[in-house]
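> Please work out how this folds:
(chains A and B)
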There are 2 protein chains.
Amino acid sequence: MPQKSNRSGRSKVTRLDSFIRRLEAQRACLDRAVRLVGDLPGPVLELGLGNGRTFDHLRSRLPTREIFVFDRQVNAHPGCIPDPAHLFLGEIHVTLDRARARLPAPAALVHSDLGTGDPAGNARLAAWLARELPPLLASGAVVVADQAFEDPRLEPLPQPPGVRDERYFLYRRLDHRAG
Amino acid sequence: MPQKSNRSGRSKVTRLDSFIRRLEAQRACLDRAVRLVGDLPGPVLELGLGNGRTFDHLRSRLPTREIFVFDRQVNAHPGCIPDPAHLFLGEIHVTLDRARARLPAPAALVHSDLGTGDPAGNARLAAWLARELPPLLASGAVVVADQAFEDPRLEPLPQPPGVRDERYFLYRRLDHRAG
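Numbering: from 1, shown residues only, chains lettered A, B, ... in the order given. From the prediction side, this is the model:
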């Protein structure tokens, strides 16, 4: 007996398709953010190290920037682990607060990819990050995120070509006087 | 101080780039295998369920075929877990042998994605699979694999356009009389 399965045929977007699209969107948004940031001074914050792939991408595209990485624990490829001075380990609610005192300057770029399979938890975390991140950012800083951040200090930016709305998000930190 | 990092700039292929290319190669090879198999009768073998993304892809592209899945344990997305009658759990050396007696017919398509971070282990496993898989396959069956399989009964097929050699592999089971 054939297994129960989707019978609509070839047009269905599979989980493999969705995953590839998400990674392509992520890369397109990171690359756009790198261009948008230009020479704006400041370090990079990577919220969520995971396996270290986007950390590797950012350090390759921004070789002269300091990158501070935040995660609960290190599960990354051995070649993609930041040195201890650039690693904040623990709950983001604690580590981001600790970073406030330790960052050498307001950040120029943030990539946040902390979402999990829990939509309600993701929404709470996104609301918290949207509130807590702006004070850590330079005016004009760019935020790339896997979740929507709603805050008057963060201006949504258009997606790069080929990236569908709601797949990945881009924001710019408005001038501090405006927020 | 900036972190130690690759300074060759934008041209470097990052781990994010490599991962996207691998997934695109995997999907292109699976889609080509689906076309090559056509109406050849027989079930599909998925060696390595992982998160279930390629299982989801195969069941979507081949909705009328039985798919038998092999893995050490189930770590897949809840929506991508085969029913127990189509799941062989345990070491592949044991489960593939068990499958010999239980498969309803020789397989028409095999996707093998069992490689790990251990190159020597991968090579041993690939050598074992190249020897053990052919008797389970119909003449003309297509094998898609993350490792190279060297066996006179398996004819290497060209990669789909855009897929670089050595990134993913395609084979066709030669006529049984030839092997």
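> And the contacts of the longest strand seen in chain A?
Looking across chain A with DSSP state E, the single longest strand is strand A:137-145. The contact list for strand A:137-145 (Cβ atoms under 8 Å, 6 or more residues apart in numbering or on different chains) reads A:26, A:29-30, A:33, A:36-37, A:40-42, A:105-113, A:126, A:129, A:133, A:149, A:154, A:157, A:168-176. For the C-beta atoms, the positions are set from N, CA and C on the backbone; glycine is no exception.
> ok, it: who's next to it in the sheet?
Strand pairing for strand A:137-145, using DSSP bridges, gives strand A:107-112 (parallel), strand A:169-173 (antiparallel).
> Now the helix or strand just after that strand: average pLDDT?
Using DSSP states H and E, the next helix or strand after strand A:137-145 towards the C-terminus is strand A:154-156. Taken as a whole, strand A:154-156 carries a mean pLDDT of 97.
> Okay, buried residues for strand A:154-156 please.
Applying a neighbour-count criterion of 16 or more other Cβ atoms under 10 Å in any protein chain shown, one finds A:L154 buried in strand A:154-156.
> Name every strand pairing with that strand and say which way it goes.
Sheet pairing for strand A:154-156, using DSSP bridges, gives strand A:169-173 (antiparallel).
> distance between the partner strand and the chain's centre?
Centroid separation for strand A:169-173 versus its chain: 10 Å, with Cα atoms, centre = their mean, to the nearest Å.
> Same question for that strand: list its buried residues.
Using 16+ other Cβ under 10 Å as the test for burial, strand A:169-173 gives A:F169, A:L170, A:Y171, A:R172, A:R173.
> can you check stretch A:145-161 too?
Result for stretch A:145-161 [16+ other Cβ under 10 Å]: buried residues A:A145, A:D146, A:Q147, A:A148, A:F149, A:D151, A:R153, A:L154, A:L157, A:Q159, A:P160.
> I'd like the distance between the fourth one and A:P158.
Counting by Cβ to Cβ, to the nearest Å, the gap from A:A148 to A:P158 is 14 Å.
> cool, A:L96 as well?
According to Cβ to Cβ, A:L96 and A:P158 sit 27 Å apart.
> now do A:R100
A:R100 is 30 Å from A:P158, by Cβ to Cβ.
> so A:A105 sits right up against A:L40, yeah?
No. Using Cβ atoms under 8 Å, A:A105 is not in contact with A:L40; the gap is 10.6 Å.
> What sits closest to A:L125 if chain neighbours are left out?
Leaving out its chain neighbours, the residue that sits closest to A:L125 by Cβ to Cβ, 6 or more residues apart in numbering or on different chains is A:L114, at 6.0 Å.
> what's around the one you found, how many residues?
19 (other Cβ atoms under 10 Å in any protein chain shown).
> cool, A:W128 as well?
By the criterion of other Cβ under 10 Å, A:W128 has 14 neighbours.
> so the residue nearest to A:L125 sits right up against A:L45, yeah?
No. Using Cβ under 8 Å, A:L114 makes no contact with A:L45, being 11.5 Å away.
> Of A:A105 and A:L40, give the one with the bigger neighbour count.
Higher neighbour count among A:A105 and A:L40: A:L40, with 16 against 10, using other Cβ under 10 Å.
> Nearest spatial neighbour of the more buried one, chain-adjacent residues omitted?
Distances taken as Cβ to Cβ, 6+ apart put A:A108 closest to A:L40, at 4.6 Å, once the chain neighbours are dropped.
> ok, so what distance separates that neighbour from chain B?
Distance of A:A108 to chain B, computed by Cβ to the nearest Cβ, to the nearest Å: 13 Å.
> hang on, that residue packs against A:R65?
Yes. Under the criterion of Cβ under 8 Å, A:A108 makes contact with A:R65 at 7.4 Å.
> Flag the shaky bits of chain A, pLDDT-wise.
For chain A, the stretches with pLDDT under 70 are A:1-11, A:176-179.
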